[in-house]
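*Asks:* I need the structure of the sequence given here:
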Amino acid sequence: MEQNRTNKEILVKGLQNMAISLALMFLGPSLLYLAFSNQEKSTYYLVLIIALIVCGLAIFLAFKGLKLILDSMFKN
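*Replies:* Got it, this is the predicted structure:
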C-alpha cells in the first residue's frame, strides 16, 4: 500500500503565494491610509485605486495560497 506524500513543488508555490499575500496585506492598508490622508492632492484617486487593487490582490493570493497548500497535502 502506497502512502500519500506531500507534493513539495505545489507546497512551495503555495507558501510563496502566502508570503506575497502577507507583504500585500501590509502594503494595501498603508496605501489606503496614505490616500485618505491626502485627499486634497491630485493623485488621491490614483493612489486610492492602486490601494484597493493591492488589498484585493492580497485576499486573492491568500486564498489561492491556502488552496495550493491544502492541495499539496490532500490531493492524490
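*Asks:* For this structure, which segments count as helices?
*Replies:* 8-37, 44-74 (DSSP state H).
*Asks:* Centre of the chain to the shortest one, how far?
*Replies:* Going back to what we said before, that points to helix 8-37. Here the centre of helix 8-37 is set off from its chain's centre by 4 Å, with Cα atoms, centre = their mean, to the nearest Å.
*Asks:* what do you get for the last one?
*Replies:* Centroid separation between helix 44-74 and its chain, computed with Cα atoms, centre = their mean, is 3 Å.
*Asks:* model confidence over that helix, on average?
*Replies:* The pLDDT scores in helix 44-74 average 95.
*Asks:* picking that back up, need the helices of the chain in CSV with mean neighbour count, can you?
*Replies:* Using the backbone N, CA and C atoms, a C-beta is placed for each residue, glycine as well. Conversion of the helices of the chain to CSV gives the following (neighbours: other Cβ atoms under 10 Å):
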stretch, mean neighbour count
helix 8-37, 15
helix 44-74, 15
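*Asks:* Kindly provide the distance from K13 to D71.
*Replies:* For K13, the distance to D71 equals 10 Å [Cβ to Cβ, to the nearest Å].
*Asks:* Which neighbours do these two have in common?
*Replies:* Counting by Cβ atoms under 8 Å, 6 or more residues apart in numbering, K13 and D71 have no contacts in common.
*Asks:* Please look at M25 and F60 and confirm they touch.
*Replies:* No - using Cβ atoms under 8 Å, M25 is not in contact with F60; the gap is 11.6 Å.
*Asks:* I'd assumed L22 was in contact with L61.
*Replies:* No - assessed by Cβ under 8 Å, L61 is found out of contact with L22, at 9.1 Å.
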